[in-house]
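> Need coordinates for the following:
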Amino acid sequence: MAAAEPRPVPGAAPPRTPLVARAAAELVGTAALVAVVVGSGIQATELTQDVGLQLLANSLATVFGLGVLIALLGPVSGAHFNPAVTLAEWWTARRGGAGVTAREVAVYVPAQIAGAIAGAVLADAMFGEPLVKWSTHDRSAGHLLLGEVVATAGLILLIFGLARTDRLRFAPVAIASYIGAAYWFTSSTSFANPAVTVGRAFSDTFAGIAPGSVPGFIGAQLAGAVVGLALVALIFMQGRADSRPRGCAEG
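Just a heads-up that it's a prediction; the model follows:
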């Protein structure tokens, strides 16, 4: 006779997905995201010489791809696909909020970077490009770095603002929409992601970034994450409970 399955304890939190599964989700999700970004950029340049149309095609593909990936993998790993988001979650956990542990950061971030590189190589392979060819697209100008600070700060503000107001169910649409908009309103076309930045250096195509520009972009993204967390703390600060008896007159 088979043993009876243990019943869940009332009020207990559901078991977390194993870390290896979450790491796999981060690797696959980041790889797919970079494949979408790089692949759609290559496709766009093959279909038209109009840079505006190329950027439109690239941004639309990214919006749809990112939204689908967040909806699919969010329940598994949180769908970070971004070391800046992972580090921001770790910081909020240190401050007493929900987030990842240092051990999880040490697993997530390498998985994201490896996934980003794999995604760029996969996109190049699909379009008959050299599997690895360092990008020659210089993006080191100061106004582009400012664009990355703004793009990343806005992304962190959005994600953690949704979390603070218990509206993360809107994340797939909200985050994808924000990134699509940031393609156009930021001078850098909104990389806003250190892992994606590294991956895009491996492809000398429309979406690429020269290796020499990568450190500046990552530094700007991390600075943007700090600004974003500061804005979250300011805008979504929790008020103190009013200890006065109800019905008391003001003043």
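
> tell me the centre residue of the chain?
Centroid-nearest residue in the chain, with Cα atoms, centre = their mean: residue 82, separated by 4.1 Å.

> I'd assumed residue 193 was in contact with that one.
Yes - counting by Cβ atoms under 8 Å, residue 82 does reach residue 193; the two are 4.4 Å apart. (Glycine included, C-beta is placed from N, CA and C.)

> helix or strand for residue 26, which one?
helix 19-47 (DSSP states H and E).

> Ok, residue 133 next?
Per DSSP H and E, there is no helix or strand for residue 133.

> Give me the nearest residue to it, chain neighbours excluded.
Closest residue in space to residue 133, ignoring its immediate chain neighbours: residue 204 at 4.3 Å, by Cβ to Cβ, 6 or more residues apart in numbering.

> which residues sit in contact with that neighbour?
129, 130, 133, 134, 135, 136, 137 (Cβ atoms under 8 Å, 6 or more residues apart in numbering).

> and the helix or strand where residue 124 lies, what other elements does it pack with?
Secondary structure assignment for residue 124, by DSSP H and E: helix 102-126. When contacts are defined as 3 or more Cβ pairs under 8 Å, 6 or more residues apart in numbering; DSSP states H and E, helix 102-126 sits against helix 19-47, helix 83-94, helix 194-200.

> My guess is residue 37 contacts residue 207. True?
Yes - the pair residue 37 / residue 207 is scored as a contact, 5.2 Å apart, by Cβ under 8 Å.

> Find the residues that touch each one of these two.
Common neighbours of residue 37 and residue 207 (Cβ under 8 Å, 6+ apart) are 58, 200.

> picking that back up, mind checking how far the residue nearest to residue 133 is from residue 183?
Plainly put, residue 204 is 20 Å away from residue 183 if you go by Cβ to Cβ, to the nearest Å.

> repeat for residue 195
Counting by Cβ to Cβ, the gap from residue 195 to residue 183 is 18 Å.

> quick one, helices of the stretch 101-250 of the chain?
102-126, 142-164, 171-185, 194-200, 214-235 (DSSP state H, counting those that start in this stretch).

> And the ones you listed: which comes nearest residue 51?
Closest approach to residue 51 among the helices of the stretch 101-250 of the chain (Cβ to Cβ): helix 171-185, 12.6 Å.

> ok, residues contacting the closest one?
Contacts of helix 171-185 (Cβ under 8 Å, 6+ apart): 55, 58-60, 62-64, 66-68, 70-71, 74, 79, 151, 154-155, 158-159, 162, 189-190, 192.

> ok, of these, which come out buried?
Among those, those classed as buried by 16 or more other Cβ atoms under 10 Å are 55, 58-59, 62-63, 66-67, 70, 74, 79, 151, 154-155, 158-159, 162, 189-190, 192.

> what's the offset of the helix or strand of the chain with the lowest mean pLDDT from the middle of its chain?
In the chain, no helix or strand scores lower on mean pLDDT, DSSP states H and E than helix 83-94, which sits at a mean of 94. Averaged C-alpha coordinates place helix 83-94 at 12 Å from its chain's average position (Cα atoms, centre = their mean, to the nearest Å).

> Thanks a lot, see you next time.
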